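Novice: what follows is a predicted structure for the sequence shown.
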Amino acid sequence: MKKLILKLGVYSFLIVISLEVLVRIFYLGEDKPSRFVDDKKVEKWIPGQVGYSITGNRNQNFIRYNINSSGFNSYQEFEPTKDGFEVALVGDSFIEGFHQPYKMSIGRKVEQKFKDRIKVFEYGYSGYDMADQLHLIDAYKEDFRMIDRIYIKMKFSNDLNRGEYNVQNERLKLESPLNKIFKKSKLLVYFSEIGVLSSVRTWVREKKDIIQNREDKPDKTISNINKDEIYLENFKSLVSLYGYDKNKTVLLMDESTTSKLFLDYLDNNGFQHIDFGTEINNSHRKTTLVYDKHWNNYGRSIIAEIIESDLHKVLGEP
Amino acid sequence: MLFNSLEYFIFLPIMFALYWFVLNKSLKFQNFLVLAGSYFFYGLWDWRFLFLIVASTMVDYFVGIMIHKSENDKQRQKIWLWISVIFNLSLLGFFKYYNFFVDSFIDLFEVMGYSIKSTWTLKIILPVGISFYTFQTMSYSMDIYYKRIKPCHDFLSFATFVAFFPQLVAGPIERASNLLHQITNKRTFNYDQIVSGLKLILWGLFKKLVIADGIAPIVDDIFLNHETYPASTLILGVTLFSFQVYGDFSGYSDIAIGTAKLFGVELMSNFKFPNFSRNVAEYWQRWHISLSTWFRHYVYIPLGGSRVSQGRAIRNICIIFLVSGFWHGANWTFIFWGGFHALAYIPVFLMGRNTIYKDNVVGDNSLFPSLTELGQLVLTFGIVTFSRIFFRSESLTDSFNFIGRIFSDFSYAPYEHPNGYRMLDYFILLAVFVLYEYRIRRDERNPFQFKSKAVRFLAYTLVIFTMLLFYDSGFDRSFIYFQF
């Protein structure tokens, strides 16, 4: 009996070590950058980090990231000038682009279309919502004042859950000492990425709910119409709190999934918006990646073309 | 509870620890633990159907004693045996076949020109494992009837034999002559047996998680959209399904046999590398052995087997294959599948080659199979794989459409994985798997046949590593044979 327990222990330990080695050899566990909240209370990545973002069990998407001194993934530094024409793309992981080569990002594609006459700064960060985005623009108003055009990528159903910005502690918990230790093991990171840990977490949560006799009851108190109104109120609140330059700020969204109430409000109050849904949804080719739902190179090209077309209008070019 | 679920990997060590560390002094307590654990294991799926297992257990426990008591009255023995058979088949008939018969009669009447509105069909849930445990309890009564065993007078042991959780829901369908005495006798902690069990569990998980679940999305896609794919893709789909169903079911059986070993119990082998069969008869000696031997012992031989006129022997072959097909599911596709195998088996039988490979394996005296053997393997695999079109299709119409497309649109087009994964990964995986299985083909109960400890350790690590490489958290991981 003792022999069995001892051998099981030794074998398990050695197998874990071997798996850690294999995961490192085949570069299966991604490098997770660290995040922080700066002195302006903006959550971003710690500057200067480089590494590889990996998607899929078998290293199917292997992309290098580069966090610049502003704390965002980009090939360049964000240094707006009074003389040049600069564009800001503000958004979530779709703009952040850990799933794409940073030299083939939406911003870079736009720059290339204008033969580098303009610069595009991508302020993308996974999980950003409208509160994060408007707070960022407000916090760095000196920089954004020099920027000539701002595109905010938004998703109506996700991004207007709150009417005021505060630091998201949930995300920052990922920087806890325990998580930092966790990130040191590539095997654990790999487990997390391929869903082994989430299966365990879901299972534990389900069992906990059963024990506590809790059920996921749909919230019947808030109808979709009410939700649209709440989201609209949140938008109004954010605009009044953090300001909004209607002349140069454009909302970039899939209008097919956006409430009519919200679209009417934007139109009636002079908020500029551009739809990318028609082009993306009607594309004859796949616009998302194989292993996740972010835009692939073709999807990013479509978005870049939409922005290009808008910029030509702004610049008075045909 | 699934063998490949998190619940099971919590349940199993707890059972093991209680069994060997806490209750090891008393056989009764150990059996009670296994019985309670087995009911819990089953009840987690749906506790309402536990009563069927209990009922089947009680009926056959009582019938077994009564058959033995009526030793001198053959007529009375027969009546008792029929009580067991009718009871168990009624359970099966109602829960598994009721709607099939109603629908088939309605279809028949419609063919004859009468239109009948179906008001008789019921919404019946098929209780998991019902085809397995009813066959097991029936075989117990039949074995007593044929005087192969004596009845068990210890209800706790008998109930444990029926509900023994490693093989409760998908076999192997055990015979009382093999399992019951292991339950009634004291088990001792055997280090080698437990290690061998753990190895089988690991290998079974590999077959399930990597081979079966890995290729399942491809098979699902091809069968679902078969009308849009060319012949090359359809052939790929059914070939992969052959591997999927083998990985799924033999993986399950390995985990079951391995788990039983952890409790000091040896279950019968259910698979002996059927993909290396040289004819269809050998295939049936290697595939789902517990079911094919069940039909052999309790249907084929009582009908006269092959020791009757050739015509009757052929009739017997047809009967067992059709019944075997029908056992799998209440669908004409399974009956056709069984019929197809009967047609493939009969020529082998007529040539007298149905038992020639019984005691040897392909490439028995050499490293590689001879060219003739290779041809035989490919032909047998081809026949079996072709029959799987019926096994996998939702309906006969789908089966014939599938076959029709293979022959009418005989063209090639590269196939792309539905989730965009690289197909080459799967081809390499299957090639390595086949070669590895060929290497270990002599002993299905010892998948890691390496003398060197270091090589063995490397093999365990690579098996686990491959499981991670092909793990898909979003995939429904239940076993194919649970539906039977």
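Specialist: Right, received. Where do you want to start?
Novice: going forward, measure contacts and count neighbours with C-alpha atoms only.
Specialist: Will do.
Novice: what's around the residue of the stretch 101-250 of chain A found nearest chain B, how many residues?
Specialist: In the stretch 101-250 of chain A, the residue that lies nearest chain B is residue A:195 (5.5 Å; CA to the nearest CA). Look at residue A:195: counted by other CA atoms under 10 Å in any protein chain shown, it has 16 neighbours.
Novice: nearest spatial neighbour of it, chain-adjacent residues omitted?
Specialist: Spatially, and ignoring its direct neighbours in sequence, residue A:195 is nearest to residue B:473 (5.5 Å; CA to CA, 6 or more residues apart in numbering or on different chains).
Novice: quick check: the one you found touching residue A:197?
Specialist: No: in this structure, residue B:473 is not within contact of residue A:197 by CA atoms under 8 Å, at 9.6 Å.
Novice: ok, the two, which is more surrounded?
Specialist: residue A:197 (16 against 13).
Novice: could you say which helix or strand holds the residue nearest to the more buried one when sequence neighbours are not counted?
Specialist: Distances taken as CA to CA, 6+ apart place residue A:191 nearest to residue A:197, at 5.9 Å, with adjacent residues excluded. Element membership for residue A:191, per DSSP states H and E: helix A:186-194.
Novice: quick one: average pLDDT of that helix?
Specialist: Helix A:186-194 shows a mean pLDDT of 88.
Novice: same check, this time on stretch B:43-58
Specialist: pLDDT averaged over stretch B:43-58 gives 89.
Novice: that stretch: end-to-end distance?
Specialist: 18 Å (CA to CA, to the nearest Å).
Novice: what does stretch B:272-284 give?
Specialist: Using CA to CA, the distance between the terminal residues of stretch B:272-284 is 10 Å.
Novice: with stretch B:355-367 instead?
Specialist: End to end - CA to CA - stretch B:355-367 spans 23 Å.
Novice: and it, what's buried?
Specialist: Buried residues in stretch B:355-367, counted by 16 or more other CA atoms under 10 Å in any protein chain shown: B:357, B:361-363.
Novice: give me the contacts around it.
Specialist: B:276-278, B:281-282, B:285, B:369-370, B:373, B:441-442 (CA atoms under 8 Å, 6 or more residues apart in numbering or on different chains).
Novice: spell out which parts of chain B neighbour chain A.
Specialist: B:6, B:189, B:191, B:419-421, B:457, B:460-461, B:465, B:468-473 (CA under 8 Å from any CA of the partner chain).
Novice: just the buried members of these?
Specialist: Buried, going by 16+ other CA under 10 Å: B:457, B:460-461, B:465, B:468-472, out of these.
Novice: hang on, the earlier thing: which pair in the residues of chain B next to chain A spans the largest distance?
Specialist: Distance extremes for the residues of chain B next to chain A: the farthest pair is B:189 and B:420 at 48.4 Å, using CA to CA.
Novice: pLDDT below threshold where in the stretch 201-350 of chain B?
Specialist: Filtered on pLDDT under 70, the stretch 201-350 of chain B yields no residues whatsoever.
Novice: distance of residue B:41 from chain A?
Specialist: 16 Å (CA to the nearest CA, to the nearest Å).
Novice: what's that residue sitting at in phi/psi?
Specialist: Backbone torsions for residue B:41, taken as degrees, to the nearest 10, come to phi -50, psi -50.
Novice: residues touching the nearest residue to residue A:234 once chain neighbours are set aside, list them.
Specialist: Spatial nearest neighbour of residue A:234, chain neighbours left out: residue A:163 (3.9 Å); criterion: CA to CA, 6+ apart. Taking CA under 8 Å, 6+ apart as the contact definition, residue A:163 lies against A:131, A:233-238.
Novice: try 7 Å
Specialist: A:131, A:234-235, A:237-238 (CA atoms under 7 Å, 6 or more residues apart in numbering or on different chains).
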